[in-house]
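> structure of the sequence below:
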Amino acid sequence: SPHKSSEMTQLATMLEKHRGGGCRIKINYARQDAKAHLQLGDAWRIRPSDSLLQTLKDMLAEEDVEMVY
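Predicted coordinates:
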């Protein structure tokens, strides 16, 4: 659905600001007709922060966000 693709675009835009760290990003994406498990490449390693985590929780359902070091 268009809603989900714009959500992914927002996510990429937001993560872009935090790039350059050592934290890998994995995305488990699910909707009614599709599921995907993505691990973003090294160019997308980020610097984790409380503000980033909070933004992710606000953007996505809180139970969908997990920070793993």
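> when you work out contacts or count neighbours from here on, use the C-alpha atoms and nothing else.
Fine.
> so where's the protein uncertain?
Applying pLDDT under 70 to the chain picks out residues 1-4, 62-63, 69.
> just the C-alphas of stretch 5-15, formatted as PDB.
Written as PDB, here are the backbone C-alpha positions of stretch 5-15 (Å, rounded to 0.1, in the frame of the first residue of the first chain):
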ATOM      1  CA  SER A   5       6.100   2.800   1.200                       C
ATOM      2  CA  SER A   6       5.900   6.300   2.500                       C
ATOM      3  CA  GLU A   7       6.600   4.900   6.000                       C
ATOM      4  CA  MET A   8       9.800   3.300   4.600                       C
ATOM      5  CA  THR A   9      10.800   6.500   3.000                       C
ATOM      6  CA  GLN A  10      10.300   8.400   6.200                       C
ATOM      7  CA  LEU A  11      12.300   5.800   8.000                       C
ATOM      8  CA  ALA A  12      15.200   6.000   5.500                       C
ATOM      9  CA  THR A  13      15.200   9.900   5.800                       C
ATOM     10  CA  MET A  14      15.300   9.700   9.600                       C
ATOM     11  CA  LEU A  15      18.000   7.000   9.700                       C
END
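> just the buried positions in it, please.
Of all the residues in stretch 5-15, those buried under the rule 16 or more other C-alpha atoms under 10 Å are Leu15.
> show me how far it is from its chain's centre.
8 Å (C-alpha atoms, centre = their mean, to the nearest Å).
> which outside residues touch that stretch?
44, 46, 56 (C-alpha atoms under 8 Å, 6 or more residues apart in numbering).
> I'd say the second one and Leu52 touch.
No: between Ile46 and Leu52 no contact is recorded; they are 9.8 Å apart, counting by C-alpha atoms under 8 Å.
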